[in-house]
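Build me a model:
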Amino acid sequence: MSQPQEFEKVLTGSVTTVAQFEDHKSGLKRLQHFLHSSPAMVPLIVLLALILFFGIAKGEKFFSAYTLTLIMQQVAVVGILAAAQTLVVLTAGIDLAIGVIMVLSFVIMGNMVVSYGMPAGVALIAGFLVAGFCGWVNGFLVSKLKLPPFIVTLGTWNIIMAICLIYSENATMREADVTAATPWLHIFGISFKIGPAVVTLGVLAMIGLYVVLWYMLNYTAFGRHIYAVGDDPDAAELAGIRTSKVLTATYTLAGLIAGLAAWVSIGRNGSISPSTVVTDFNLQAITAAVIGGISLFGGRGSILGVLFGTLIVGVMSMGLNMLNADPQWKVLLTGVLIIGAVAIDQWIRKVSG
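Next up, the predicted model:
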């Protein structure tokens with residue numbers, strides 16, 4: 001073969017290799033762009049995979065409508081707290097106090113009706129006002145004093161928890177006492193059947209909340225401002241967005257949602273105990289948000305993904321319980337999912353441009 005022919009062969013082969021590499025790279029980028037534009041897809045895929053796995057392992061018992069709706073009942077409170085946490089994380093912040101705000105809120109609701117004999121409406125308004133005020137304090141300290149959200153909410157976690165224990169004297173209000181005072185605090189515990197499925201009003205409240213927040217984040221100016229502040233606060237300020245106002249409103253709204261979680265929790269658990277382990281609620285809410293595809297760097301994620309993330313935690317817990325697995329497997333797998341979710345977020349951010 002002549003030298004020009006050999007040169008042409010080498011050149012043609014190189015061009016083909018480069019073309020193949022570019023095609024492969026463009027395909028990878030298309031996947032990354034798709035995940036960037038549809039952040040709820042990753043948690044949805046993981047959720048479906050877990051349902052399929054446990055369904056195969058336990059058969060019809062896991063796939064039954066009763067089991068699936070029981071999972072929804074178990075994650076209702078965490079799902080509502082995760083929604084509140086999501087709003088804060090979208091602003092590139094975090095709220096470690098969201099769980100204790102919920103506890104203080106339901107302690108106040110319970111004491112208002114049991115100890116003070118106040119009407120249920122007044123008790124609920126008081127609980128929501130206190131929860132909203134706690135959220136406002138967090139937002140004020142973050143937005144006006146420019147303090148780090150982690151430090152602020154770590155501090156208010158301790159303050160609010162101490163206030164809650166001092167105010168309640170760490171006493172538990174029994175379900176019978178609360179019900180005797182008013183049945184309205186237990187309204188979210190009411191259940192009804194849809195075929196073989198058992199649905200509670202608490203589950204409907206969680207789903208309704210996600211629908212409202214999905215609409216707010218996607219179709220209102222306030223929702224777009226939340227994303228803008230989390231993505232680039234300086235650019236948002238230059239665009240005319242009052243970032244401090246958005247941050248204060250976001251933390252306040254998160255507090256009000258924690259008040260809703262308190263009301264649903266009373267219906268779910270019956271009794272009201274200030275010694276409720278709030279650390280688990282905080283961690284589970286953050287876990288659901290992260291697994292649901294919400295970026296801890298702010299400005300990106302889907303509220304529907306958080307709902308899927310919440311269900312992932314519930315499905316995993318229920319599935320492992322049905323398999324009689326060591327509870328530590330849930331802790332291990334949760335850690336793997338968190339690290340995996342953050343790694344995927346970093347991967348998408350790095351090459352999505």
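
contacts, neighbours, all on C-alpha from now
Fine.

Please name the residues that touch Gly270.
174-175, 186, 189 (Cα atoms under 8 Å, 6 or more residues apart in numbering).

typed the wrong thing, it's Thr86
The contact partners of Thr86, by Cα under 8 Å, 6+ apart, come to 286, 289, 294, 303, 306.

May I ask which two of those are separated the most?
Set against one another by Cα to Cα, the contacts of Thr86 have their most distant pair in Ile286 and Ile303, with a gap of 13.0 Å.

can you dump the C-alpha coordinates of stretch 247-262 into CSV?
What follows is stretch 247-262 as a C-alpha-only set of coordinates in CSV (Å, rounded to 0.1, in the frame of the first residue of the first chain):
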residue,chain,number,x,y,z
LEU,A,247,-35.9,34.5,52.5
THR,A,248,-38.0,35.8,55.4
ALA,A,249,-41.3,34.8,53.7
THR,A,250,-39.8,31.3,52.8
TYR,A,251,-38.8,30.5,56.4
THR,A,252,-42.1,31.8,57.7
LEU,A,253,-44.0,29.6,55.2
ALA,A,254,-41.9,26.7,56.3
GLY,A,255,-42.9,27.3,59.9
LEU,A,256,-46.6,27.4,59.0
ILE,A,257,-46.2,24.1,57.2
ALA,A,258,-44.6,22.7,60.3
GLY,A,259,-47.8,23.8,62.1
LEU,A,260,-49.8,21.7,59.6
ALA,A,261,-47.5,18.8,60.3
ALA,A,262,-48.2,19.2,64.0
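
in this protein, which helix or strand is least confident?
Using mean pLDDT, DSSP states H and E, helix 3-37 stands out as the lowest-scoring helix or strand of the chain, at a mean of 56.

next structured bit after it?
helix 41-58 (DSSP states H and E).

elements contacting that next one?
helix 60-63, helix 303-322 (3 or more Cα pairs under 8 Å, 6 or more residues apart in numbering; DSSP states H and E).

Would you mind giving those helices as TSV with mean neighbour count added?
Conversion of the helices and strands packed on helix 41-58 to TSV gives the following (neighbours: other Cα atoms under 10 Å):
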stretch	mean neighbour count
helix 60-63	16
helix 303-322	24
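
so where's the stretch 201-350 of the chain uncertain?
Regions of the stretch 201-350 of the chain meeting the criterion pLDDT under 70 cover residues 276-279, 349-350.

show me where it has helices.
Here the stretch 201-350 of the chain has its helices, by DSSP state H, counting those that start in this stretch, at 201-219, 221-231, 233-238, 243-269, 278-291, 303-322, 328-351.

would a markdown table of those with distance to Phe53 be doable?
Rendered in a markdown table, the data for these read as follows (distance: least, Cα to Cα, whole Å):
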| stretch | distance to Phe53 |
| --- | --- |
| helix 201-219 | 24 |
| helix 221-231 | 35 |
| helix 233-238 | 42 |
| helix 243-269 | 28 |
| helix 278-291 | 18 |
| helix 303-322 | 9 |
| helix 328-351 | 14 |
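
Quick one, which of those helices gets closest to Lys29.
Shortest distance between Lys29 and those, using Cα to Cα, is found for helix 328-351: 7.1 Å.

got a list of contacts for that closest one?
29, 32-33, 35-36, 287, 290-293, 295, 313, 316-317, 320.

Please enumerate the helices of the stretch 51-200 of the chain.
Secondary structure of the stretch 51-200 of the chain by DSSP H, counting those that start in this stretch: the helices cover 60-63, 65-90, 98-114, 120-143, 149-168, 175-181.
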